[in-house]
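Student: pasting the sequence and the predicted coordinates here, then a few questions.
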Amino acid sequence: MSQPWDYIAKIVSLGDSGCGKSSLTVRLCEGRFSPHHDVTIGVEFGSRIVPVGPPASLALSINSPARAGPQAQPPPAKQPPQKHMKLSLWDTAGQETYKSITRSYFRGASGALLVFDISRKNTFLSATSWLHDLRQIAEEGIVVVLVGNKSDLAASSAVVDADAHNKRQVTRDEAEAWCTANGVMQYVETSAKNGEGVERAFLEVAERIYQNIEAGKYDLNDRRSGVKGPGAGAGNRAGVNLGMNDAAKKGKQQGWGSCC
């Protein structure tokens, strides 16, 4: 039986503690939300197979010519077979205590979700430091998407403290300006509680990784690239799982959290 994916990509989530990184992973992988999630110690894991490339990317207007405006060329009448990517999700701890541990998991990642809480300005201000750490350790050219989580606490994307029910402390304009200033390609707002924007955030990362694959920017046989393809066969799958199992085993030895 053939495998249900064409590529595997390692994706890390990072950001301050309490921003909802684990809740985003659980929402994507299990479709549920728990208001009581234990603090991540070290790293937790998840996985999800998602469509990449046309026709799915065109239908969702993710990284597609449809974003270029009315002059963009229409998609071809006959679409190629849909490709799929297995996202190997590494949900890292945000507490300062575990930061030296967390940094080690950035190695070999092809994509990252840099998460902050839109109702806590300090978590947004910390994003610059997290991005610096990521780029110091991860491979050059890692795909990064900035994620403003807990959008359910905000009544508007443009107004701060408009009323008692709006707990927003970071506007969309602020976040998008930060992305431009720091070379981060996309900003997405999400709510792990109601699911809004969650799939979109992960798909934005997956699609850009797929575009890099198509452009030949990765060595699919090099574990450090964070991407594995079908060409390596069974060894491919073993390589990715080995990394996850080693990390989980190491975590158990040192008293860290377990796989999700």
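Tutor: That came through, no problem.
Student: any idea how far the most centrally placed residue in the chain lies from residue 106?
Tutor: Nearest to the mean C-alpha position of the chain, counting by Cα atoms, centre = their mean, stands residue 113 at 3.5 Å. Distance from residue 113 to residue 106, counting by Cβ to Cβ, to the nearest Å: 12 Å. No exception for glycine: its C-beta is placed from N, CA and C like everyone else's.
Student: would you confirm that residue 220 contacts residue 227?
Tutor: Yes: between residue 220 and residue 227 there is a contact at 6.0 Å, judged by Cβ atoms under 8 Å.
Student: the more surrounded of the two?
Tutor: residue 227 (27 against 16; other Cβ atoms under 10 Å).
Student: can you pull the contacts of that one?
Tutor: By Cβ atoms under 8 Å, 6 or more residues apart in numbering, the contact set of residue 227 is 7-10, 110, 209, 212-213, 218, 220.
Student: ok, back up a step: identify the contacts common to residue 113 and residue 106.
Tutor: With Cβ under 8 Å, 6+ apart as the test, residue 113 and residue 106 both reach 12, 14.
Student: pretty sure residue 202 sits against residue 86.
Tutor: No: at 11.8 Å, residue 202 does not count as touching residue 86 under the criterion of Cβ under 8 Å.
Student: neighbour count: those two, which is higher?
Tutor: residue 202 (27 against 20).
Student: any idea which helix or strand carries the more buried one?
Tutor: Per DSSP states H and E, residue 202 falls inside helix 198-214.
Student: pull out the buried residues from that helix.
Tutor: Neighbour counts over helix 198-214 (16 or more other Cβ atoms under 10 Å) mark 198-213 as buried.
Student: beyond that helix, next helix or strand please.
Tutor: From helix 198-214 onward toward the C-terminus, using DSSP H and E, the following helix or strand is strand 227-228.
Student: report the contact partners of residue 46.
Tutor: 25-26, 28-29, 89, 91, 260 are the contacts of residue 46 under Cβ under 8 Å, 6+ apart.
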